[in-house]
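1. Have a look at this prediction, sequence included:
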Amino acid sequence: MAPKSKSKSKAKAKTPKPSPSSSSKSSSSSSIFKPGTRVEVSSDDDGFRGSWFSGTVIRRAGADKFTVEYDNLLADERGKKKLREQLGFHQLRPLPPEEAGVEFKFGDEVDAFHNDGWWEGSITQELENGMFAVYFRGSKEQIEFTADQLRKHREWMNEKWVPPFAQQEQEENMVSDPNAKSDKTVKGKEVVATPNVTSDDKDVKGKGVMLTPNVSSDDEGKKVVLTPNIKSDETAEEFNFCEGMLVEVSNDEEGFQGAWFSATVVEVIGDDRFLIEYKTLLDDNSNLLREEADKWHIRPPPPATSENIKFSYLEEVDAMYNDGWWVGVISKVLGDSKYVVYFRSSNEEIEFPNSQLRPHLDWIGGKWVLASEVWLQPILR
């Protein structure tokens, strides 16, 4: 499931780097990764982002380095020797405990076992045969899986699983204040929205839909569907991009994964390709950059949201940085409407004001989908 490779030059864009006010993520070594420890390994290599492969720690190779032997990856084509690699501390995490009786539903963030590893995705369909369609954001593919090929997606943060496993949650509740009020409001909320298109909007599509779901504090696991105004002879799946339309464009190039840049469609080249002009990115001559983009890397601007929207701990967001929107996770909620956002791709944290954040949505099958968020009490630090 490797993303399609493309070569391009963007003069002003780059992977987010921490500002002086941002908190740095420590990569100091931990005693949990001793020789013989079962672990999962992530990779920054092209085509492997968002995946985890199981293995065993063989030895410590330095202050923050470990030699790991993979369970399923082989060193050569003959398949007689397991692959060993020297890996950084930030690429390792413990092997997650197995869970029995897990039920999956539309919108769940999951890991799917595929090509000898666990790949992060979102459930986009519950099929009648007991299978689930999973969409992979990195490769923009959708594949069907059985329930036993899936597991709930979790992050390893501050040496704890997020969201916690049942045993971990019980242990944390035992040491927490029994009189403290829970700050969780909605659990497993999914919002599905399509562009607001009227019969007169023949040349301008993809207008904003206000995301204002009506949910109360005891609403858990509910899906909110926003009804769009779409022409009767047009379905969301038939959404077409046209000249002059404002869009957002993504890129699989190294250092740009997880980012979307504003652009305008200049010309429709074919059914699947478009000439676009970026709003903020410049070419080598300081002109607005123009290039071709296919339909898998282009989408309408996401629906507009309230200006005073508040974000929750561990909520997935887009942060405006270096002229683009970069996907991240709220790792700290600060005062004065400020937040610290963790970027998985660069393993960094950066502080942002409310005005530079928006809820993260995915454009799947011609619809806006807000995947299940993790709403839970803050992890003890």
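-> Perfect, thanks for sending it. Residues are numbered from 1 along each chain as shown.
2. Which parts of the stretch 151-300 of the chain are helices?
-> With helices called from DSSP state H, counting those that start in this stretch, the stretch 151-300 of the chain shows them at 166-175.
3. Quick check: which ranges of the stretch 101-250 of the chain have low pLDDT?
-> Under the criterion of pLDDT under 70, the regions of the stretch 101-250 of the chain flagged as low confidence span 167-238.
4. how about the residue nearest in space to the middle of the chain, secondary structure?
-> Among the residues of the chain, Val327 comes closest to the average C-alpha position under C-alpha atoms, centre = their mean, at 6.2 Å. The three-state assignment at Val327 reads strand, by DSSP: H, G, I helix; E, B strand; the rest coil.
5. mind listing what the closest residue to it other than its chain neighbours touches?
-> Nearest in space to Val327, with sequence neighbours left out and distances taken as C-beta to C-beta, 6 or more residues apart in numbering, is Gly258 at 4.3 Å. The C-beta positions use only the backbone N, C-alpha and C, and glycine is treated the same way. Residues in contact with Gly258, defined by C-beta atoms under 8 Å, 6 or more residues apart in numbering, are Trp326, Val327, Gly328, Phe343, Arg344, Ser345.
6. so which of those is the most crowded?
-> Counting neighbours by other C-beta atoms under 10 Å, Gly328 comes out on top of those with 28 neighbours.
7. Would you mind naming the residues that bridge with the residue lying closest to that residue once chain neighbours are set aside?
-> Computed as C-beta to C-beta, 6+ apart, the closest residue to Gly328 that is not its neighbour in sequence is Val341, at 4.0 Å. Under DSSP bridges, the beta-bridge partners of Val341 are Ile330, Ile350.
8. which SS class is Gly62?
-> For Gly62, the reduced secondary structure class is coil; criterion used: three-state DSSP.
9. Kindly report the same for Asp148.
-> Classified using three-state DSSP, Asp148 is helix.
10. That one: how many residues sit nearby?
-> Around Asp148 there are 8 other residues, counting by other C-beta under 10 Å.
11. What residue spans form the domains of the protein?
-> In the domain annotation for the chain, the residue ranges read 38-94, 109-175 (automatic domain parsing).
12. Any chance of a markdown table for the ones you listed, columns distance to Arg299?
-> What follows is those, written out as a markdown table (distance: least, C-beta to C-beta, whole Å):
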| stretch | distance to Arg299 |
| --- | --- |
| domain 38-94 | 19 |
| domain 109-175 | 10 |
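13. mind checking which of these is nearest Ala304?
-> Closest approach to Ala304 among those is made by domain 109-175 (22.0 Å; C-beta to C-beta).
14. State the distance from Ile309 to Glu77.
-> 52 Å (C-beta to C-beta, to the nearest Å).
15. For Pro302, see how far away the spatially closest residue to Gln91 that is not a sequence neighbour is.
-> In space, and not counting its chain neighbours, Gln91 is closest to Ser42: 5.1 Å by C-beta to C-beta, 6+ apart. When distance is defined by C-beta to C-beta, Ser42 is 27 Å away from Pro302.
16. gap between the residue nearest to the centre of the chain and Thr56?
-> With distances taken as C-beta to C-beta, Val327 is found 31 Å from Thr56.
17. which stretches of the stretch 1-150 of the chain form strands?
-> Per DSSP state E, counting those that start in this stretch, the stretch 1-150 of the chain carries strands over the ranges 38-41, 51-60, 65-74, 82-88, 92-94, 109-114, 117-126, 131-136, 141-146, 150-152.
18. would CSV of those with distance to Tyr313 be doable?
-> As requested, the strands of the stretch 1-150 of the chain are arranged in CSV below (distance: least, C-beta to C-beta, whole Å):
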stretch, distance to Tyr313
strand 38-41, 24
strand 51-60, 23
strand 65-74, 30
strand 82-88, 26
strand 92-94, 20
strand 109-114, 16
strand 117-126, 20
strand 131-136, 25
strand 141-146, 29
strand 150-152, 18
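19. Please convert those strands to a markdown table, extending it with distance to Gln356 and mean neighbour count.
-> Shown next, in a markdown table, are the strands of the stretch 1-150 of the chain (distance: least, C-beta to C-beta, whole Å; neighbours: other C-beta atoms under 10 Å):
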| stretch | distance to Gln356 | mean neighbour count |
| --- | --- | --- |
| strand 38-41 | 32 | 19 |
| strand 51-60 | 29 | 19 |
| strand 65-74 | 35 | 17 |
| strand 82-88 | 29 | 16 |
| strand 92-94 | 29 | 19 |
| strand 109-114 | 24 | 20 |
| strand 117-126 | 25 | 21 |
| strand 131-136 | 27 | 20 |
| strand 141-146 | 31 | 15 |
| strand 150-152 | 30 | 18 |
